[in-house]
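[1] Quick one: sequence and predicted model below, then my questions.
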Amino acid sequence: LLKEQKLSLPIVERFQIGYAPEKFNALYDRLINLNYTKEEIILSCLFEKDCIDGKICGCLSDRVILPVIDVCGNVVAFVGCAIGKAMPKYIVTADKHKDSLFGLNLAKEHCMNELILCEGFFDVIALHKIGFENTVSTLGTALTSEQARIIAKCTNNVAICFDSDSCGQALAE
């Protein structure tokens with residue numbers, strides 16, 4: 001997926017892009033080895049408890065992982081992007097993300113004059129990659145009133161750059 005998106009190592013590091021292996025407990029074991037507690041790991045929303053015979057399993061296994069980071073630098077959710085044709089294409093953990101804007105933690109210093117509002121995660125990354133660091137995403141096809149309030153605090157000028165499909169155009173309207 002990263003090769004397909006032509007993402008360089010600096011972009012991967014900037015957006016803190018990671019990967020959760022297909023092996024069901026590999027990420028869990030890694031976090032335990034980094035001294036996270038079982039409770040902290042469950043709170044991360046990366047895992048579901050009691051999903052198979054009382055074991056913890058990763059809900060984002062075999063996916064590219066993007067953190068959703070709020071304007072204060074707190075991780076509020078994770079996005080798991082399917083590799084290949086796996087469905088669903090995206091899994092977003094935690095409901096807190098609904099009022100967040102993907103990329104705002106990086107765009108906040110660049111959006112005073114104008115903010116570019118996109119639909120998708122990789123749209124934001126692609127635009128940042130070519131120098132449009134004032135770009136954020138709505139995290140899907142819904143713009144919440146809280147997201148609108150956050151945008152209004154950042155700028156008075158918004159360029160809408162949603163997909164050209166019917167969902168994107170309806171959201172733009």
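    Good, I have the coordinates. Please read all numbers here as calculations on a predicted model, not as lab measurements.

[2] This protein: helices as residue ranges?
    With helices called from DSSP state H, the chain shows them at 9-14, 26-33, 38-43, 104-107, 121-129, 145-154, 166-172.

[3] Redo those as TSV? Include distance to Val76 and mean pLDDT.
    C-betas here are computed from N, CA, C, even on glycine. Output for the helices of the chain, formatted as TSV (distance: least, CB to CB, whole Å; pLDDT from 0 to 100):
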stretch	distance to Val76	mean pLDDT
helix 9-14	18	93
helix 26-33	18	84
helix 38-43	12	81
helix 104-107	10	94
helix 121-129	14	93
helix 145-154	12	92
helix 166-172	21	81
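
[4] Now distance to Thr93 and mean neighbour count too, for those helices, in JSON lines please.
    Shown next, in JSON lines, are the helices of the chain (distance: least, CB to CB, whole Å; neighbours: other CB atoms under 10 Å):
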{"stretch": "helix 9-14", "distance to Thr93": "20", "mean neighbour count": "12"}
{"stretch": "helix 26-33", "distance to Thr93": "13", "mean neighbour count": "15"}
{"stretch": "helix 38-43", "distance to Thr93": "11", "mean neighbour count": "13"}
{"stretch": "helix 104-107", "distance to Thr93": "17", "mean neighbour count": "22"}
{"stretch": "helix 121-129", "distance to Thr93": "14", "mean neighbour count": "21"}
{"stretch": "helix 145-154", "distance to Thr93": "18", "mean neighbour count": "14"}
{"stretch": "helix 166-172", "distance to Thr93": "22", "mean neighbour count": "13"}
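
[5] quick one: least confident helix or strand in the chain?
    strand 47-52 (a mean of 61; mean pLDDT, DSSP states H and E).

[6] re the thing from before, could the helices of the chain be laid out in JSON lines, adding distance to Thr138?
    Compiled in JSON lines, those are given as follows (distance: least, CB to CB, whole Å):
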{"stretch": "helix 9-14", "distance to Thr138": "20"}
{"stretch": "helix 26-33", "distance to Thr138": "27"}
{"stretch": "helix 38-43", "distance to Thr138": "25"}
{"stretch": "helix 104-107", "distance to Thr138": "11"}
{"stretch": "helix 121-129", "distance to Thr138": "10"}
{"stretch": "helix 145-154", "distance to Thr138": "6"}
{"stretch": "helix 166-172", "distance to Thr138": "7"}
